[in-house]
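A.B. asks: need coordinates for the below:
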Amino acid sequence: MRMAAIGIGSNSVRLLVADAAANGTITPVLRDRCGTRLFAGLEGGYLTEDSMEVSASASRELERKAREAGAGKIYIFATSAVRDARNGEVFAERVRSMTGLQLDICTGEQEALLSYAGAAKPGLCGMIDIGGGSTELTIGLDGEALAAVSLQMGAVRLWRQHRIASRDDFYTVIEAAQAILRAGAQSVLRCKHPEVWVGVGGTFTTLAAMDRGITSFDRALVEGHALTREVVLSWGERLAPMGVEERKKLPGLQPQRADIVVHGVAILAACMEDMSIDAILVSDHGNLDGYLRRKIAKRG
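C.D. replies: The predicted structure is shown next:
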């Protein structure tokens, strides 16, 4: 059966169309995204009218593409920005009226478990998903989560809170991220730390593309790329003093991510330091894959 999942995140709206087998495996057919920066439209606890319209319209466009690709069933869910918004249900109704789809607003723990289900390796494996509004961490064994948390720190959220224009600023934001991690992720920090970690989200794929000097994004070239702690810190120190326009010239850095990329790097550096992670494998899979796998399991 051909299925699709649309995920409304804090930085972008993404689409996965895949062929699903009865045993729970999925074969991707189409991946697409629209950069919407929904979290930036969260003001005083409410999503602005313009931000809701942009993301709902992007959802409608991706729903159209999913149907054109032959998806017989389409699901749509939302994460950090929408669950934080006091008018999240108003936004959900906007999405329903424009797409005909019922929006599933995920809790932070659900988001962590979905990303783990989509990207985790067999055996004892840790997963970090750095989004625009939040960061999810999960440790699990052979697909079963042992601990999962969602933290109120994402690349867009920290970009709104902290300016990074120097190497010192970069390390200040790392310390801020460590404080959030230590306050909210004790269940993960107390777990046996796995040797294998996977990283989900644009921070990881962007770092992999820059580290490999890829001028045109190719999923096959970033999947499985190993980022060491030294490489992550090196990129953060290099990016921090650069202006946005200077960053845009770097091979592998998508222009729409140039302003927030170093904040995502700071979050990753904090996680790697506090959890003694020497290297992390980049994954182009994530909560979209996990969402479809969970739906297949329920249908089976």
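A.B. asks: report the mean confidence score over stretch 3-16.
C.D. replies: What stretch 3-16 shows for mean pLDDT is 97.
A.B. asks: pull the CA atoms of it into PDB?
C.D. replies: Only the C-alpha atoms of stretch 3-16 are listed here, as PDB (Å, rounded to 0.1, in the frame of the first residue of the first chain):
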ATOM      1  CA  MET A   3       1.000   5.800   2.100                       C
ATOM      2  CA  ALA A   4       2.200   9.300   3.000                       C
ATOM      3  CA  ALA A   5       3.000  11.300   6.100                       C
ATOM      4  CA  ILE A   6       3.200  15.100   6.400                       C
ATOM      5  CA  GLY A   7       5.000  16.500   9.400                       C
ATOM      6  CA  ILE A   8       4.500  20.100  10.400                       C
ATOM      7  CA  GLY A   9       7.600  21.000  12.300                       C
ATOM      8  CA  SER A  10       8.900  24.300  13.800                       C
ATOM      9  CA  ASN A  11      11.200  25.000  10.800                       C
ATOM     10  CA  SER A  12       9.600  23.200   7.900                       C
ATOM     11  CA  VAL A  13       6.700  21.100   6.600                       C
ATOM     12  CA  ARG A  14       8.000  17.800   5.300                       C
ATOM     13  CA  LEU A  15       6.500  15.000   3.200                       C
ATOM     14  CA  LEU A  16       7.300  11.300   2.900                       C
END
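A.B. asks: what's the domain layout of this structure?
C.D. replies: According to automatic domain parsing, the chain comprises the domains 2-105, 116-283.
A.B. asks: pLDDT below threshold where in this structure?
C.D. replies: 300 (pLDDT under 70).
A.B. asks: for it, what spans make up the helices?
C.D. replies: Using DSSP state H, the helices of the chain run over residues 49-68, 80-84, 88-99, 108-119, 155-161, 167-184, 186-189, 202-212, 219-222, 229-239, 244-247, 261-274, 287-299.
A.B. asks: export those helices to a markdown table and tack on mean neighbour count and distance to L15?
C.D. replies: C-beta: built from backbone N, CA, C; applies to glycine. What follows is the helices of the chain, written out as a markdown table (neighbours: other C-beta atoms under 10 Å; distance: least, C-beta to C-beta, whole Å):
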| stretch | mean neighbour count | distance to L15 |
| --- | --- | --- |
| helix 49-68 | 19 | 4 |
| helix 80-84 | 24 | 17 |
| helix 88-99 | 18 | 12 |
| helix 108-119 | 25 | 14 |
| helix 155-161 | 22 | 20 |
| helix 167-184 | 17 | 29 |
| helix 186-189 | 16 | 29 |
| helix 202-212 | 24 | 15 |
| helix 219-222 | 14 | 14 |
| helix 229-239 | 18 | 28 |
| helix 244-247 | 12 | 27 |
| helix 261-274 | 26 | 22 |
| helix 287-299 | 20 | 8 |
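A.B. asks: for T25, which of the ones you listed is the nearest?
C.D. replies: Closest of those to T25 is helix 287-299, at 8.2 Å (criterion: C-beta to C-beta).
A.B. asks: got the domains of the chain as CSV, with distance to R293 columns?
C.D. replies: Listed next are the domains of the chain as CSV, based on distance: least, C-beta to C-beta, whole Å:
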stretch, distance to R293
domain 2-105, 6
domain 116-283, 5
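A.B. asks: so which of the ones you listed gets nearest A297?
C.D. replies: domain 2-105 (5.8 Å).
A.B. asks: so which of the helices of the chain is nearest R14?
C.D. replies: Taking the helices of the chain one by one with C-beta to C-beta, helix 287-299 is closest: 6.1 Å.
A.B. asks: ok, and what's touching that closest one?
C.D. replies: 3-5, 7, 14-16, 18, 20-22, 24, 26, 28, 73, 75, 77, 79, 106, 111, 113-119, 129, 200 (C-beta atoms under 8 Å, 6 or more residues apart in numbering).
A.B. asks: with just CA atoms, put it into CSV.
C.D. replies: Provided in CSV are the C-alpha atoms of helix 287-299 (Å, rounded to 0.1, in the frame of the first residue of the first chain):
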residue,chain,number,x,y,z
ASN,A,287,9.7,10.9,12.6
LEU,A,288,8.0,10.7,9.2
ASP,A,289,9.4,7.2,8.7
GLY,A,290,8.5,6.3,12.3
TYR,A,291,5.0,7.7,11.9
LEU,A,292,4.3,5.5,8.9
ARG,A,293,5.8,2.4,10.6
ARG,A,294,3.6,2.9,13.6
LYS,A,295,0.5,3.2,11.4
ILE,A,296,1.4,0.0,9.6
ALA,A,297,1.9,-1.8,12.9
LYS,A,298,-1.6,-0.7,14.1
ARG,A,299,-3.2,-1.7,10.9
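A.B. asks: re the thing from before, which of the helices of the chain sits closest to L137?
C.D. replies: helix 186-189 (4.8 Å).
A.B. asks: what packs against the closest one?
C.D. replies: With contacts taken as 3 or more C-beta pairs under 8 Å, 6 or more residues apart in numbering; DSSP states H and E, helix 186-189 sits against strand 135-141, strand 144-151.
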